[in-house]
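**Student:** got a predicted structure plus its sequence, pasted below:
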Amino acid sequence: MYNMESLNLFIKSIFIDNMIFAYFLGMCSYLAVSKTVKTSLGLGIAVTFVLTLTVPVNYLLENYILKPGALSWLGESFADVDLSFLSLIFFIAVVASMVQLVEMVVERFSPSLYASLGIFLPLIAVNCAILGGSLFMQQRAFDSVGTATVYGFGSGIGWLLAIVGIAAIREKLAYSNVPAPLKGIGITFIITGLMGIAFMSFLGIKL
């Protein structure tokens with residue numbers, strides 16, 4: 001039963017609650033980096049990795065440190081402590097730490113990808129899709145760290161599919177007769193809207 005619920009959450013986070021097409025989070029990186037499939041794939045993997053790590057870590061922070069009564073494990077005197085006002089600061093600190101780790105790994109093992117991504121790799125730290133994943137986790141009050149991990153991973157895969165999909169289309173558009181006023185970002189916005197409408201068809205899936 002638990003495995004089925006996790007699978008349902010995984011599929012839902014990819015297709016139905018897609019960070020790009022359902023909530024339009026992370027659009028700046030999505031539009032700027034999606035010129036080639038190679039760089040889009042690299043950034044998508046990095047975002048997936050960061051989401052997969054930050055959502056469960058922030059879940060643990062939320063449930064064992066931040067929310068009202070979370071510090072009761074330290075003793076009865078801490079049962080009334082409420083540190084929820086620090087949630088954003090803690091969440092962003094965790095995200096920034098993970099992004100720094102990803103940046104060092106990419107620079108070490110793939111200098112060409114590091115150069116291609118440029119400023120958008122460290123800017124994952126302020127990618128609203130990353131913070132959005134942790135805030136949605138907080139809002140939905142998942143029942144376990146495993147569920148939070150599944151949600152983070154699925155959200156990352158959904159973002160990866162979105163950016164790789166638009167990059168593949170943009171590469172093909174280079175050989176298409178696009179009207180001059182729509183070339184570049186204009187036609188990208190139109191295609192993104194159409195892809196968003198296409199993803200809305202998944203709302204009919206009963207999970």
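**Tutor:** Arrived safely, thanks for sending. Numbering: from 1, shown residues only.

**Student:** CA atoms for contacts and neighbours, from now on please.
**Tutor:** OK.

**Student:** for P56, give me its contacts.
**Tutor:** By CA atoms under 8 Å, 6 or more residues apart in numbering, the contact list for P56 reads V145, G146, A148, T149, G152.

**Student:** inside helices: which ones of the residues you listed?
**Tutor:** Members of the contacts of P56 lying in helices (criterion: DSSP state H): V145, G146, A148, T149, G152.

**Student:** which residue is the nearest non-sequential neighbour of the last one?
**Tutor:** Ranked by CA to CA, 6 or more residues apart in numbering and with sequence neighbours excluded, the top spatial neighbour of G152 is T52, at 4.6 Å.

**Student:** repeat that for the first one.
**Tutor:** Excluding the flanking residues, the one nearest V145 by CA to CA, 6+ apart is P56, at 5.5 Å.

**Student:** OK, contacts around the residue nearest to G152?
**Tutor:** T149, V150, Y151, G152, F153, G156.

**Student:** by mean pLDDT, which helix or strand of the protein comes out lowest?
**Tutor:** When each helix and strand of the chain is scored by mean pLDDT, DSSP states H and E, helix 111-117 comes last, with a mean of 82.

**Student:** please compute how far it lies from its chain's middle.
**Tutor:** 20 Å (CA atoms, centre = their mean, to the nearest Å).

**Student:** show me what whichever helix or strand comes after it is packed up against.
**Tutor:** Remark: after helix 111-117, the chain's next helix or strand is helix 128-140, criterion DSSP states H and E. Under the contact criterion of 3 or more CA pairs under 8 Å, 6 or more residues apart in numbering; DSSP states H and E, helix 128-140 touches helix 37-61, helix 87-109, helix 145-173.

**Student:** of the ones you listed, which is nearest S72?
**Tutor:** Counting by CA to CA, S72 lies closest to helix 37-61 out of the helices and strands packed on helix 128-140; the figure is 13.5 Å.

**Student:** tilt between the closest one and helix 145-173?
**Tutor:** Angle between the axes of helix 37-61 and helix 145-173 is 160 degrees (criterion: axes from the mean of the first three to the mean of the last three CA atoms, to 10 degrees).
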